[in-house]
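> Mind looking at a prediction? Sequence and model below.
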Amino acid sequence: MDELYKGYVPNEISKENRIIDSRISKYEEKLLKTDEMAFHLYQAEFKNRMFSKEKSKKHIKELLQEVLTHVKNEELNERIIKQIEKY
């Protein structure tokens, strides 16, 4: 199922910028019917992974902002600013 999540189509409206692919929901329903505990454990692990990614992005953004004040190269400065805007 993790590989299917990589195939999500970007969507500006949804909270996680993703649309649930019909293939994913099919496998989630199958897992839920097969082993409800495994389904809930998978959901908890997936949410924890997303939380960890957001936490890492925040940390990287803070580091880039701190480094930005020390960079003298204009081209590198612009690249750092563009990267910060992505986070």
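Ah, there it is. The model shown is predicted, which means the values in this text are computed figures rather than measured ones. Numbers count the residues shown, from 1 in each chain.

> going forward, measure contacts between C-alpha atoms and count neighbours the same way
Fine.

> List the buried residues in the helix or strand hosting residue 32.
When elements are defined using DSSP states H and E, residue 32 is found to belong to helix 22-34. Within helix 22-34, the residues that count as buried by 16 or more other Cα atoms under 10 Å are 24, 28, 31.

> Check which element follows it along the chain.
Trace forward from helix 22-34 with DSSP H and E and the next one is helix 36-68.

> From the chain's centroid, how far away is that next one?
Relative to the mean C-alpha coordinate of its chain, helix 36-68 is positioned 7 Å out (Cα atoms, centre = their mean, to the nearest Å).

> packing partners for that helix?
In terms of contact count using 3 or more Cα pairs under 8 Å, 6 or more residues apart in numbering; DSSP states H and E, helix 36-68 is assigned the packing partners helix 22-34, helix 74-86.

> if we can go back for a sec, CSV please, covering the buried residues of helix 22-34 and showing pLDDT.
Written out in CSV, the entries for these read as follows (pLDDT from 0 to 100):
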residue, pLDDT
24, 75
28, 84
31, 87
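
> And the residues you listed, which is closest to residue 80?
For residue 80, the closest of the buried residues of helix 22-34 turns out to be residue 24, at 35.5 Å, with distances computed as Cα to Cα.

> quick one: secondary structure of the residue of the chain most remote from its centre?
In the chain, residue 72 marks the outermost C-alpha relative to the chain mean, sitting 31.4 Å out by Cα atoms, centre = their mean. What DSSP: H, G, I helix; E, B strand; the rest coil gives for residue 72 is coil.

> Need phi/psi at residue 73.
Backbone torsions of residue 73, given as degrees, to the nearest 10, read phi -70, psi 120.

> wait, what's in contact with it?
Shown here is residue 73, which makes no contacts under the criterion Cα atoms under 8 Å, 6 or more residues apart in numbering.

> mind checking how far it is from residue 82?
Distance from residue 73 to residue 82, counting by Cα to Cα, to the nearest Å: 14 Å.

> Residue 51 too?
Note on residue 51: its distance to residue 82, by Cα to Cα, is 23 Å.

> Make a markdown table from the helices and strands packed on helix 36-68 and add distance to residue 46 to it.
Conversion of the helices and strands packed on helix 36-68 to a markdown table gives the following (distance: least, Cα to Cα, whole Å):
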| stretch | distance to residue 46 |
| --- | --- |
| helix 22-34 | 12 |
| helix 74-86 | 22 |
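
> That'll do, ta.
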